[in-house]
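> Generate a structure from the sequence data that follows.
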Amino acid sequence: MSQQPTVGGLTAPSLVQRMTEVGLTVDFGAARVRIFTDCEPLASAILSVYQHFPDEQHSGFVDATVQVLRVRGLRRFINPQIEFLSDANRPFEPFPADTTLPLLEWGMNYALSDRIFHYLVLHAGVVAKNNRAVLFPAIPGSGKSTLTAALHLSGYRLLSDEFGVIEPESGHLIPMVRPVALKNNSVPIIRDRFPSAVLGPIFPKTKKGEVSHLAPSLDSVRARHTVAVPAVVVFPRYAKGARCRLEDVDAASAFNRLAVNSFNYEFLGPKGFLRVTDLVRKCPCKQLIFDSLDDAIATIDDLLESIEGSKGSWESVTDAA
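Residues are numbered from 1 along each chain as shown. Predicted coordinates for the structure are as follows:
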């Protein structure tokens, strides 16, 4: 059976026309989004970092419709700007016109965090081996995205860089496969450590500094509807010059940190409480302090291997509906 055409198989002119007229529909796993734009540089960036996603010509239902459009009037000519719209709402002030992909990705974070509230949604990176998942809940500056990218490029399946999406009834992790946003020093670190990594354009003048995006692997995109079982919760903390080490996190502290790092813990009420309680009860919870990526990868490998053989109490993994 022939493979479904992918976004990377489109030409730049055909993608620009699609995104101007009917939009590009992208299936991330836990959600589907339709993207419109009249910005040619954004279409070119999407060809790179979304290259493995199916080209869904018959789009159907989507969770959100988003647009990145050039601001009209004098702003098209003097200090050009672009704006993000989510279902016709403008949640942000306009951005400089040379920050197209960062605006799209940050805008989709905003739009999706508001549309998938039937799941428990954690601010976390998630990777998996053999459908056993490692969650990295974290605050900005912790090294979460860099570590998630490095593990993905070291053979782990990428589920998400931003959203740990947990099905409330089963506790399974549902992929939300999107490009990994790398910032500032993380960009050359990943580029130099993993020469085969597919990185999108570098955007040097964003509100968060220099930004580039890592394209998810073909295998991760194809597995975007295959759930994973939570195996371990790791709170990363980058510390320059630190010796790589794991520290135990007690259940009460882990619960509080997960609740704080959730987009909708309070919204789910008792379901959210029970799901977070179950997560810290069934999964070891650790803090990873690291500087060297190589040491961090080896430490996570060893940690996951040490619990791989344990049966645990999660039900077996099945494909997401």
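> neighbouring strands for the helix or strand where Val134 lies, and are they parallel or not?
Using DSSP states H and E, Val134 falls within strand 132-137. Strand 132-137 has the following strand partners under DSSP bridges: strand 120-129 (antiparallel), strand 229-238 (parallel).
> Tell me which of the ones you listed is the most buried.
Among the strands paired with strand 132-137, ranked by average contacts under mean count of other CB atoms under 10 Å, first place goes to strand 120-129 (a mean of 26). Yep, even glycine has a C-beta here, placed from its N, CA and C like the rest.
> And that strand, how far out from the chain middle?
Centroid separation for strand 120-129 versus its chain: 8 Å, with CA atoms, centre = their mean, to the nearest Å.
> ditto for stretch 196-215
Computed by CA atoms, centre = their mean, the chain-centroid distance of stretch 196-215 equals 14 Å.
> Return the set of buried residues in that stretch.
Buried residues in stretch 196-215, defined by neighbour count with 16 or more other CB atoms under 10 Å: 197-201, 203, 206, 210-215.
> So what touches it?
Contacts made with stretch 196-215 from outside it, assessed by CB atoms under 8 Å, 6 or more residues apart in numbering, are listed as 41, 44-45, 48-52, 96, 98-99, 101-102, 105, 149, 152-153, 179-184, 187, 190-191.
> ok so, going back, so for Ile78, which of the strands paired with strand 132-137 sits nearest?
Smallest distance to Ile78 across these (CB to CB): 37.1 Å, for strand 120-129.
> Leu258: which of the strands paired with strand 132-137 is closest?
Evaluated over the strands paired with strand 132-137, closeness to Leu258 peaks at strand 120-129, with 6.4 Å, by CB to CB.
> From Glu105, how far out is His52?
His52 sits 16 Å away from Glu105, going by CB to CB, to the nearest Å.
> Asn131 now?
26 Å.
> of these two, who's got more company?
Using other CB atoms under 10 Å as the criterion, Asn131 and Glu105 rank with Glu105 on top: 20 against 17.
> The more buried one: what secondary structure?
With DSSP: H, G, I helix; E, B strand; the rest coil as the basis, Glu105 sits in helix.
> list the contacts for it?
If you count contacts by CB under 8 Å, 6+ apart, Glu105 has them with 178-179, 181, 213.
> If we use 6 Å, what do you get?
Glu105 sits next to Ala181 when contact means CB atoms under 6 Å, 6 or more residues apart in numbering.
> From Ala252, how far out is it?
Going from Glu105 to Ala252 by CB to CB gives 34 Å.
> Next: Val127.
Using CB to CB, Val127 is found at 26 Å from Ala252.
> How about His123?
Taking CB to CB, one finds His123 at 20 Å from Ala252.
> Please enumerate the helices of the protein.
Under the criterion DSSP state H, helices of the chain are mapped to 12-21, 40-49, 100-113, 144-152, 186-193, 218-222, 251-260, 265-268, 270-282, 293-308.
> so which of those helices is the most packed in?
Among the helices of the chain, ranked by average contacts under mean count of other CB under 10 Å, first place goes to helix 144-152 (a mean of 25).
> chain center to it: distance?
On CA atoms, centre = their mean, the centre of helix 144-152 falls 10 Å from that of its chain.
> and that helix, what does it pack onto?
strand 120-129, strand 180-183, helix 293-308 (3 or more CB pairs under 6 Å, 6 or more residues apart in numbering; DSSP states H and E).
> How about residues contacting that helix?
For helix 144-152, contacts defined as CB under 6 Å, 6+ apart pick out 125, 127, 136, 138, 158, 161, 180-181, 186, 190, 214, 236, 293, 296-297.
> cool, and stretch 10-29?
33-38, 40, 43-44, 53, 56, 59, 175-178, 224-225.
> Mind pulling up the pLDDT for Arg115?
Looking at Arg115, its pLDDT reads 89.
> going forward can the numbers begin at 34, since that is how I track them
Done: numbering now begins at 34, and the last item shifts to Arg148.
> What about it, how many residues nearby?
Around Arg148 there are 18 residues (other CB under 10 Å).
> residue contacts, it?
96-97.
> Run through the chain and note the low-pLDDT ranges.
Residue ranges of the chain with pLDDT under 70: 34-35, 91-92, 108-109, 342-354.
> could you redo the last one with a cut-off of 50?
The chain contains residues with pLDDT under 50 at 34, 344-354.
> Most distant residue from the centre of it?
Most distant from the centre of the chain: Leu107, at 35.3 Å, with distances by CA atoms, centre = their mean.
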